[in-house]
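> quick check, what structure comes out for this input:
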Amino acid sequence: MLPSLGAVCLSLFSLFSAIRARSSTGDSVLVLLQPNLSRDNFTIFFDNLEKQGYDLTFRAPKAETPRIIEDDVPGFNHIILFAPDSKNFAQDVTPQSLVTALNAGTNLIVALSPKQTPIFTLASEFSLILPPPGTPLISHFPARDTPPGVIPVSVPPVHPFLTPNTPPIWFSGIPFAHGNNPLLVPILHAPAESFASDTDSDASADVVFDYAERGGEGLWAGSSLGIVTGFQTRDSARITWVGGLELFSDEYANKPLPSGDKSGNAQFARDVAAWTFHEKLVLRIDSTTHHLVNETEPREHYTINENIAFEAHISRYDPESGWAPYSGLHDLQVDFTMLDPHIRTALLPVSDEPGLYRASFRLPDRHGVFKFVLDYRRRGWTSLQSSTTVPVVPPRHDGYPRFLSAAWPYYTGAISTSVGFLLFATLWLAGDDKGVKKGKSAKTE
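Below you'll find the model as predicted:
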């Protein structure tokens, strides 16, 4: 029996959904893998990406093809740089080319190592302060049968894009301090009892403590250090810095924790890739419009002191269903500006219309060319930017009110003065002149 047309369409749709990439920006991924490493060392991480629909292309750091950028156009939507110890790269794999790709919208995951490499020095350009080369993160707590440089790190139970209650992960690598750049997105911090050191023993523990007391090299100790940190550019491209490559390995994903439970490396690595590849915390503005209150269509210009409404439709990306209206923003604002903001007001969600935000206000008593400016930037979220220009003009000659209520005292004064003058003139002209006539008659006689 032949299947029905509906069943066939449903099967095709299910197949398409299964192979559709979960990223909102594209599914092509270039993996730069160090020659002494094998894909078999990271099968769990890479297989999870392929199951989500990503198209992975593997390349050695010194290989010339495929190129990261061809004719000023990025060849891939995402790049995974798993070459922390490589000191020599192809001509198209330089710190400058990676920054260019990032500015063009390509997202990156970069793994670091304690060795001094070109990638090691690139991290400082993203407000990451790295310790001296050869000083990995170590910790002697909790008690375990692993070297001090292999550390179990607790994952925050509540995080904007990490799976809640993810088990601790195994980490081995270097820490870094965070600069004051607001574009940094801290993801995972080092344990409070850990510190960066060039030895696995406690020989230098007293020195580290003394430096911490003086506020010097103590910078490389404690939970203020980061081991996984994101960075989102002003154009919303993302790069994630990971202090150690082993975090993504099958060995650490399958390695039991000191408690005997399974580590959370696989889930944590998937969450980091999901945020970096624009699966999570992704917003966009679908449309904006403006109109007079109680109207629906925008006008070419508005008149001063009119009541106006501004609306924005906003969507959030969901890896399963794609773009959908989103009304979860409660700190959105819109500026009505001409050089400086004349009005700044809250852009609140409309309860009965998902994804719609509206603000109503009275136009200022000033004419000129104004702009509706929406600029929403929150750590970890893609930014929302919109600018709409609209002229504001004074009333026409017949647009002013005939009488102003506030001017009635002046109207009364003018009218009373006019009436008084008319009465005075009338009385003066119509006054009695008999005395003058009698004087003239007597003189004549």
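> could you use CA atoms for every contact and neighbour count after this?
Fine.
> and the helix or strand containing residue 414, what does it pack onto?
Element membership for residue 414 (DSSP states H and E) is helix 408-429. If you count contacts as 3 or more CA pairs under 8 Å, 6 or more residues apart in numbering; DSSP states H and E, helix 408-429 packs onto no helix or strand.
> give the rounded mean pLDDT of that helix.
Average pLDDT, helix 408-429: 92.
> report the distance from that helix to the chain centre.
How far helix 408-429 lies from its chain's middle: 69 Å, per CA atoms, centre = their mean, to the nearest Å.
> check stretch 393-406 too.
45 Å.
> ditto for stretch 277-293
13 Å.
> burial measure for residue 251, as a count.
Applying other CA atoms under 10 Å, we find 15 residues neighbouring residue 251.
> can you name every helix or strand that the helix or strand hosting it contacts?
For residue 251, the host element (DSSP H and E) is helix 250-254. Here helix 250-254 touches helix 43-51, strand 169-171, helix 265-276, going by 3+ CA pairs under 8 Å, 6+ apart.
> in it, what counts as buried?
250, 252, 253 (16 or more other CA atoms under 10 Å).
> what do you get for stretch 346-361?
Buried, per 16+ other CA under 10 Å, within stretch 346-361: 347, 348, 349, 354, 355, 356, 357, 358, 359, 360, 361.
> okay, those residues in TSV with distance to residue 411, pLDDT and secondary structure next?
Putting the buried residues of stretch 346-361 into TSV (distance: CA to CA, whole Å; pLDDT from 0 to 100; DSSP: H, G, I helix; E, B strand; the rest coil) gives the following:
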residue	distance to residue 411	pLDDT	secondary structure
347	43	97	coil
348	44	97	strand
349	47	97	strand
354	53	96	coil
355	52	97	coil
356	48	98	strand
357	46	98	strand
358	42	97	strand
359	39	98	strand
360	35	97	strand
361	32	97	strand
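> max pairwise distance over those residues: which two?
354 and 361 (21.8 Å; CA to CA).
> if residue 137 is in a bridge, with which residues?
residue 196 (DSSP bridges).
> how about the spatially closest residue to residue 165 that is not a sequence neighbour, secondary structure?
In space, and not counting its chain neighbours, residue 165 is closest to residue 157: 4.6 Å by CA to CA, 6 or more residues apart in numbering. Under the three-state scheme (DSSP: H, G, I helix; E, B strand; the rest coil), residue 157 adopts coil.
> what does residue 294 give?
Classification of residue 294 using three-state DSSP returns coil.
> now swap in residue 174 and tell me
Under three-state DSSP, residue 174 comes out as coil.
> how close does the closest residue in space to it that isn't next to it in sequence sit to residue 161?
Distances taken as CA to CA, 6+ apart place residue 136 nearest to residue 174, at 4.4 Å, with adjacent residues excluded. Per CA to CA, to the nearest Å, residue 136 is found 27 Å from residue 161.
> follow-up on the earlier one: quick one: mean pLDDT over the helix holding residue 251.
On average, helix 250-254 scores 97.
> from the chain's centre, how far out does it sit?
32 Å.
> do stretch 363-370 as well
Relative to its parent chain, stretch 363-370 has a centroid offset of 30 Å by CA atoms, centre = their mean.
> measure that stretch end to end?
In stretch 363-370, first residue to last residue: 10 Å (CA to CA).
> same check on stretch 315-329?
Start-to-end, stretch 315-329 (CA to CA) is 11 Å.
> again, but for stretch 226-244
Distance between the two ends of stretch 226-244: 12 Å, counting by CA to CA.
> quick one: buried residues of it?
Those would be 226-233, 236-244, for stretch 226-244 by 16+ other CA under 10 Å.
> show residues contacting it.
102-103, 105-113, 123, 126, 171-178, 183-190, 272, 276-278, 380, 382-383 (CA atoms under 8 Å, 6 or more residues apart in numbering).
> residue 161: neighbour count?
By the criterion of other CA under 10 Å, residue 161 has 16 neighbours.
> also residue 49?
By other CA under 10 Å, neighbour count at residue 49 equals 20.
> could you do residue 292 as well?
18.
> also residue 304?
Neighbour tally, residue 304, other CA under 10 Å: 18.
> circling back to that earlier point, if we look at the helix holding residue 251, which residues are touching it?
Here helix 250-254 makes contact (CA under 8 Å, 6+ apart) with 41-45, 169-170, 246-247, 262-266.
> make JSON lines out of the buried residues of helix 250-254 and add distance to residue 284.
As requested, these are exported to JSON lines (distance: CA to CA, whole Å):
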{"residue": "250", "distance to residue 284": "36"}
{"residue": "252", "distance to residue 284": "36"}
{"residue": "253", "distance to residue 284": "35"}
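> looking at these, which one is closest to residue 375?
residue 253 (40.2 Å).
> still on that earlier bit, right, so the helices and strands packed on helix 250-254: which one is the most enclosed?
strand 169-171 (a mean of 24; mean count of other CA atoms under 10 Å).
> quick check: neighbours of it in the sheet, parallel or antiparallel?
strand 151-153 (antiparallel).
> if I look at residue 14, what pLDDT would I see?
pLDDT at residue 14 comes out at 39.
> wasn't residue 57 part of a strand?
Yes. Using three-state DSSP, the secondary structure at residue 57 is a strand.
> can you pull the contacts of it?
Per CA under 8 Å, 6+ apart, neighbours of residue 57: 28, 29, 30, 31.
> how close does it sit to residue 84?
For residue 57, the distance to residue 84 - CA to CA - is 18 Å.
> looking at the protein, which helix or strand does the model trust least?
Ranked by mean pLDDT, DSSP states H and E, the weakest helix or strand in the chain is helix 5-19, scoring a mean of 41.
> strand partners (parallel or antiparallel) of the helix or strand following that helix?
Going down the chain from helix 5-19, the next helix or strand is strand 28-33, by DSSP H and E. Strand pairing for strand 28-33, determined by DSSP bridges: strand 55-59 (parallel), strand 78-82 (parallel).
> and strand 28-33, what's buried?
Within strand 28-33, judged by 16+ other CA under 10 Å, the buried ones are 28, 29, 30, 31, 32, 33.
> could you check how far stretch 154-167 is from the centre of its chain?
For stretch 154-167, the distance to the chain centre is 20 Å (CA atoms, centre = their mean).
> what are the contacting residues of it?
Identification of contacts with stretch 154-167 by CA under 8 Å, 6+ apart yields 168-169, 188, 191, 262-264, 267-268, 271-272, 275, 280-281, 380.
> try stretch 64-82
25-34, 59, 90-93, 97, 101, 104-111, 245, 277.
> for the stretch 301-445 of the chain, which spans come out with low pLDDT?
For the stretch 301-445 of the chain, the stretches flagged by pLDDT under 70 are 432-445.
> if we go to 50?
442, 445 (pLDDT under 50).
> now swap in the stretch 51-200 of the chain and tell me
Short version for the stretch 51-200 of the chain, where the test is pLDDT under 50: none.
> any chance you could map the strands in it?
Under the criterion DSSP state E, counting those that start in this stretch, the stretch 51-200 of the chain contains strands at 55-59, 69-70, 73-74, 78-82, 107-111, 128-129, 137-138, 151-153, 169-171, 177-178, 184-189, 195-196.
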